[in-house]
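Engineer: Build me a model:
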Amino acid sequence: MMGRMIAMKTIRIHITALLIALTCLGISFVSWRAHNHYRIKAPSVSRRPIAVIDAGHGAFTDWGLLDYGATHYGIREADVTIQVTNRLCESLESNGWIAVTTRDGEFTPLNLIERSHLASHIGADVFVSIHTNSFRSPHPNGLSVHYWGDESEQLAQMMQAILCKRLGMKDRGIVKQPLTALVWASTSAVLVELGFISNPREAQRLANETFQRKAANAIAEALTLWIRSKCNESQPCF
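Structural biologist: Residues are numbered from 1 along each chain as shown. Below is the predicted model of the structure:
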């Protein structure tokens, strides 16, 4: 009888040990599967770059009038800039950016300083202000990109080169200029003059939807190339 009890006790010990071993094996297997699942299938986490896009003008003046910018041949600068901005935001979002605008419609409550400050408030990577040029004579033409801080020069160069190539316009170069929207920006910032609205030929192009979309896509292309040049393994983008 005693021998039988010892045998039964031994069997129970072996069964318990076996169950513990199987449980540990199961836990290890599940952990291995989970580790490999997340290592292989989980997407890498990267911060999407943020751009603040400013459609030039559209604010109220001290006299309570809406600032439409330069107006020639029935075409208003503020209308052109908001149309380009809307298309630019679409293009940026499709390329993985987060695009934030300083105005979504005909007017904005933000003044020039507040527009540039918006970029720092939300931690944006870049601030881009869209404008058209104007002159008392109808002859000047071409586009230019303006910047102020030295950290913005590379972006200005890339933007100018790609815009001129994609739009086939006269290259008026990049300009280092202390414009209000640029001076108060705490991040990389450029102001794009997309052509002369005072030039009859360029005014018609500026009002054309196809041209606006080409300009927006070119700006988005330049921004994407620029931000990718700053990415690395420790600071991925997209």
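
Engineer: gap between the residue sitting nearest the centre point of the chain and E106?
Structural biologist: By Cα atoms, centre = their mean, the chain has its centre lying nearest to A51, at 3.5 Å. As for A51, its distance to E106 is 22 Å (criterion: Cβ to Cβ, to the nearest Å). (Each C-beta comes from the backbone N, C-alpha and C, glycine too.)

Engineer: circling back to that earlier point, correct me if wrong, but the residue nearest to the centre of the chain is in a strand.
Structural biologist: Yes: read with DSSP: H, G, I helix; E, B strand; the rest coil, A51 is one of the residues of a strand.

Engineer: Pretty sure it sits against N95.
Structural biologist: No: between A51 and N95 there is no contact under Cβ atoms under 8 Å: 10.2 Å.

Engineer: Helix or strand with the lowest mean pLDDT in the protein?
Structural biologist: Least confident helix or strand of the chain, by mean pLDDT, DSSP states H and E, is helix 2-41 with a mean of 39.

Engineer: where do the strands sit along the protein?
Structural biologist: 50-55, 71-72, 75-76, 98-101, 126-133, 143-147, 171-176, 188-196 (DSSP state E).

Engineer: which stretch among those comes nearest V84?
Structural biologist: Relative to V84, the nearest member of these by Cβ to Cβ is strand 126-133, separated by 5.3 Å.

Engineer: residues near the nearest residue to R166 once chain neighbours are set aside, how many?
Structural biologist: The shortest distance from R166 to any non-neighbouring residue, by Cβ to Cβ, 6 or more residues apart in numbering, is to A218 (3.9 Å). A218 has 22 neighbours, counted by other Cβ atoms under 10 Å.
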